[in-house]
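Enquirer: Have a look; sequence and predicted model below, questions after that.
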Amino acid sequence: MYLDAAKKQEIFGKYGKSNTDTGSAEAQIALFSYRIAHLTEHLKLNRKDYSTERALTMLVGKRRALLNYLYDRDINRYRAIIKELGLRK
């Protein structure tokens, strides 16, 4: 499986406050970004997989909502996570 418990803990440890910090906005955004990248690669090979396309669209919307939340609450944290994940070009 592409996303096991060890990979999740690695993502949470890198972007969150600790390995068990699953609730912070930065950790959730990082996890969503990882999943979005995986689904994007899947859709490059399987372009008619519409259920995955819908799931990808929903994930992008969730990530956007979290980014908007972070932008409103703390602009410095928002800028840090954008820079760290490379979301803006």
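Expert: Received it, and whenever you're ready, just let me know what you need. Residues are numbered from 1 along each chain as shown.
Enquirer: could you point out which element follows the helix or strand containing Gln9?
Expert: Assessed by DSSP states H and E, Gln9 sits inside helix 5-15. As assigned by DSSP H and E, the chain's next helix or strand after helix 5-15 is helix 25-45.
Enquirer: what's the offset of that next one from the middle of its chain?
Expert: 5 Å (CA atoms, centre = their mean, to the nearest Å).
Enquirer: which helix in the protein runs the most residues?
Expert: helix 50-73 (DSSP state H).
Enquirer: can I get the CA coordinates of that helix in CSV?
Expert: What follows is helix 50-73, C-alpha atoms only, in CSV (Å, rounded to 0.1, in the frame of the first residue of the first chain):
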residue,chain,number,x,y,z
TYR,A,50,-13.6,8.9,-12.8
SER,A,51,-14.1,7.8,-9.1
THR,A,52,-10.4,8.5,-8.4
GLU,A,53,-10.7,11.8,-10.3
ARG,A,54,-13.6,12.8,-8.0
ALA,A,55,-11.6,11.8,-4.9
LEU,A,56,-8.7,13.9,-6.1
THR,A,57,-10.9,16.9,-6.7
MET,A,58,-12.4,16.5,-3.2
LEU,A,59,-8.9,16.2,-1.6
VAL,A,60,-7.7,19.4,-3.4
GLY,A,61,-10.8,21.2,-2.0
LYS,A,62,-10.1,20.0,1.5
ARG,A,63,-6.5,21.1,1.2
ARG,A,64,-7.6,24.5,-0.1
ALA,A,65,-10.0,24.9,2.8
LEU,A,66,-7.2,24.2,5.3
LEU,A,67,-4.9,26.6,3.6
ASN,A,68,-7.5,29.3,3.7
TYR,A,69,-8.0,28.6,7.4
LEU,A,70,-4.3,28.9,8.0
TYR,A,71,-4.1,32.0,5.9
ASP,A,72,-6.8,33.7,8.0
ARG,A,73,-5.4,32.6,11.4
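Enquirer: that older thread, show me what the helix holding Gln9 is packed against.
Expert: helix 25-45 (3 or more CB pairs under 8 Å, 6 or more residues apart in numbering; DSSP states H and E). For the C-beta atoms, the positions are set from N, CA and C on the backbone; glycine is no exception.
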